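Q: Return atomic coordinates for the entry below.
(one chain, ligands or ions: 1)
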Amino acid sequence: MLRQAALAVRQPLRRSLAATAIARPVAAQVAGRLPRVALPQRRAFAASAWRCDDESTKPSPPQPLPAKYPLSDGDKSRLTRLRNVGISAHIDSGKTTLTERILFYTGRVNAIHEVRGRDGVGAKMDSMELEREKGITIQSAATFADWQVKDAAEKEREGKYSINIIDTPGHVDFTIEVERALRVLDGAILVLCAVSGVQSQTITVDRQMRRYNVPRLSFINKMDRAGANPERVLGQLRQKLRMNAAFVTMPMGAEADFAGVVDLVKMKAVYNDGEKGCVHLIDIRNDEIPAQYLEAAQAKRAELVEALAEVDDELTEAWLEEREITPIELGAAIRRATIALKFTPVFTGSALANKSVQPVLDGVCLYLPTPEEAPAHALSVEAPADPPQTLSPTADAPLVSLAFKLEEGRYGQLTYIRVYQGTLKKGATITNVRTGKRVKVPRLVRMHSDEMEDVDSIGAGEICAMFGVECSSGDTFSDQSGGGGYTMTSMFVPEPVISLAIRPKGQETPNFSRALNRFQKEDPTFRVHVDSESQETIISGMGELHLDIYVERMRREYNVECVTGKPRVAFRETIQEAVPFTYTHKKQSGGSGQYGKVVGRLEPMEIDPDTGKDIAFESNVIGGNIPAGYIPAVEKGFRDALQRGILTGNPVSGCKFILEDGAAHQVDSSELAFRLAAQGAFREAFPLGRPTVLEPIMTVDIVAPVEFQGNVIGGINQRKGTIIDTETRDEDCLVTAEVPLNDMFGYASQLRGMTQGKGEFSMSYRQHAPVMPNVQREMMEAHKSFTAKK
Ligand SMILES: Nc1nc2c(ncn2[C@@H]2O[C@H](COP(=O)(O)OP(=O)(O)OP(=O)(O)O)[C@@H](O)[C@H]2O)c(=O)[nH]1
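A: Coordinates of the predicted model:
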């Protein structure tokens, strides 16, 4: 009776949870459209920011077509034991340390080396020399491991599993690595620090996971650290990330007294014996729950059951009947709810202290989806407007695979590829769907950080790397010739926020442009352009560290020393209102003339939440007023015009060019004439569309002793920031603010100065938003006087 009444009260909550969680096949289609965490009102300009974060207004996309190829029994048994998972989190949460333990416990490495460890070796997964030196992860590294699940609640689930793992960087500057990884993963481990909890980059990573509908389990790491408070972190997961989350392993003690965990499914205490947290590699010790933790464990198990009963019908029934839930029932419910994106199981432990990492590996195998349970979709090359096709992870279907990451290795270009359908074979000829080029696969390898293992073929659902195949990141490969096959929809690429001028020291060698080309191919957030006014080469990226790393790589890998200018914020220009245009480009100077007329509209455009794109060209010209052959020239003219905005000379984005009509002359029209006509139309229309200058706004998280809270808030106000949230935790205050990146230069030393060196901060990109009107005026005047001088 009591439970019936409780259910009545909880129904609305249950409905709202159900509304936020969308069944995966459909969810893959509505990528990124899950409701976001509600944030308090931003200051005026940000509230009116044209890049709206709420994606609920977007029309729903078409339903994907059901999979064409049935899975064989062989496929099914292979996939049941295969997991593709990523590890991502806020910087320094311990992802690399956790991965290092996973490699050790799965027998992939036979010694543990710490990040910045005293042995000077560095973590296995930080394979770049730079990563080991700096103690941070720059590139995501892929590896695979086998894990033996012993003593699962359900006997059938025991045995050997293959896991492809991608350790991703936590630093915001390398966010594209996280996007890439999540794009091809079926599940993820979200790592949190037991002291710091949910931080700004955790929120970004969570948003990325939602965008690709990746089911995840959370691991609250660093339980051994002073100030560890897993309950608080769990509360933050629920409140800040709006996750339906509950402990699956409950910690026994914390800080120096952290002794192990209680497995709440089987109701057993789990201990790590031995110096490295195991005996004979994988053995951990299960025991009776100590009396002092029994009551807490029972309460936590009840909480887990309730959280699942909210979202899982089978468990609701058992719960309503008020009968004991068996470990098998509970395990199955955790699995169903996690895969359906309705629940996040929470694990606790300490990677560094070698405690409770093995239960996380069990969790990956038991609760995260198989490739079959995480279906991918692709568009037909021949009919791209058709609804997407659900791919079948079967070995016998035509090949559909995605190159998601390129790396220049010792033996040439290494291309990481995820096979979604069919089989990728060594020696086979495959087609790059984007370019139509046919290429032979000379060598296929499974990657283990920077070491590799040759293989002859890779089946659907797996991740591997191939050598000697030229392509760009994000290209789809198929084994069909003649333009058939499918293309995977592209990935979200955020806008660069920082740029700087760069030139080689001394004579320019071909290596300078070779390196820049290479980096652009590897990393879509790294952009290069030549400023048409100053003729300087400008590189742009996601932060100072991001650009520093490339400058350093130029020196190390290409032997090019560079001189760089001062970093500048990557400003953009956009319009806020649609403007119609009619423009005729006409020139008669002896010989043949130039004639091209374009009619249409320039419109503001929001960022596409799936791809990050906010520039588009559309032609609705019918009846041949502009011959079809000239339309690409109009688009080219529009894209040329975007390079330099009219207000301040910064690139233009957030704008769509709709060509509706025009006119051509039989003799005088040419591609050049239409290109110039489009540029002229843009030049005339842009100033009439309420143009504005945009700047990157960052979410900044600051932690400092509570006595400095006033100073910290004062400092943020001084930098034109808006305080979003403040929290006091033990002796520390946590301040979350949104601050224009342009006002963040030199903040690290200011914070140190005002907190006696005790304050720390991190920041992540939030959005581009209009600058203050006075700033815009100053920028426009500076641009005017600069161009007048020339
Ligand atoms: N006390 C304690 N420290 C830990 C634990 N796990 C990791 N650390 C430390 O935290 C620091 C960061 O660890 P990493 O593993 O490099 O973290 P990361 O998340 O991979 O860092 P990035 O890749 O640079 O974002 C290192 O100094 C680790 O030794 C833990 O369980 N307890």
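Q: Would you map out the domains in this structure?
A: Residue ranges of the domains in the chain are recorded as 81-367, 377-488, 501-565, 572-689, 694-777, according to the TED database.
Q: Show the backbone phi and psi for residue 659.
A: Taking degrees, to the nearest 10, you get phi -90, psi 120 for the backbone angles of residue 659.
Q: where's residue 512, which helix or strand?
A: Assigned by DSSP states H and E, residue 512 falls within helix 510-522.
Q: Give me the buried positions along that helix.
A: Within helix 510-522, the residues that count as buried by 16 or more other CB atoms under 10 Å are 512, 515, 516, 518, 519, 520, 521, 522. Using the backbone N, CA and C atoms, a C-beta is placed for each residue, glycine as well.
Q: For the stretch 201-350 of the chain, give me the ranges with low pLDDT.
A: Within the stretch 201-350 of the chain, the stretches with pLDDT under 70 are 274-283.
Q: ok, now the stretch 601-750 of the chain?
A: Nowhere does the stretch 601-750 of the chain drop to pLDDT under 70.
Q: That one: helices as residue ranges?
A: Taking DSSP state H, counting those that start in this stretch to define them, one finds helices in the stretch 601-750 of the chain at 631-642, 671-685, 709-718, 747-754.
Q: Contacts for stretch 293-310, please.
A: 10, 13-14, 17, 244-248, 250, 252, 262, 264, 267, 269, 289, 315-316, 318-320, 325, 330, 333-334, 337, 343 (CB atoms under 8 Å, 6 or more residues apart in numbering).
Q: and the ligand, which of the residues you listed reach it?
A: Applying CB under 6 Å from any ligand atom, the subset of the contacts of stretch 293-310 adjacent to the ligand is empty.
Q: List buried members of these by neighbour count.
A: By the neighbour-count criterion of 16+ other CB under 10 Å, those include these buried positions: 10, 14, 17, 244-248, 250, 252, 262, 264, 269, 289, 315-316, 318-319, 325, 330, 333-334, 337, 343.
Q: Among those residues, which lie within strands?
A: Where the buried ones among the contacts of stretch 293-310 overlap with strands, as defined by DSSP state E, the overlap consists of 245, 246, 247, 250, 252, 262, 269.
Q: Could you check how many residues crowd around residue 417?
A: By the measure other CB atoms under 10 Å, the count of residues near residue 417 is 26.
Q: cool, and the one 3 residues further on?
A: Residues lying near residue 420 (other CB under 10 Å) number 25.
Q: do residue 456 as well
A: 8.
Q: With the one 4 residues further on instead?
A: Burial of residue 460 is recorded as 30 neighbouring residues (other CB under 10 Å).
Q: for it, what are its contacts?
A: Applying CB under 8 Å, 6+ apart, we find residue 460 in contact with 75, 79, 371, 392-395, 397, 419-423.
Q: what is residue 594 paired to in the beta sheet?
A: The residues listed as beta-bridge partners of residue 594 by DSSP bridges are residue 587.
Q: what sits against it?
A: Shown here is residue 594, whose contacts under the criterion CB under 8 Å, 6+ apart are 585, 586, 587, 668, 669, 670, 672, 673, 676.
Q: Tabulate the residues you listed (TSV), appending distance to the ligand and neighbour count.
A: Compiled in TSV, these are given as follows (distance: CB to the nearest ligand atom, whole Å; neighbours: other CB atoms under 10 Å):
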residue	distance to the ligand	neighbour count
585	52	21
586	58	13
587	57	13
668	59	15
669	56	25
670	53	18
672	50	15
673	53	23
676	48	19
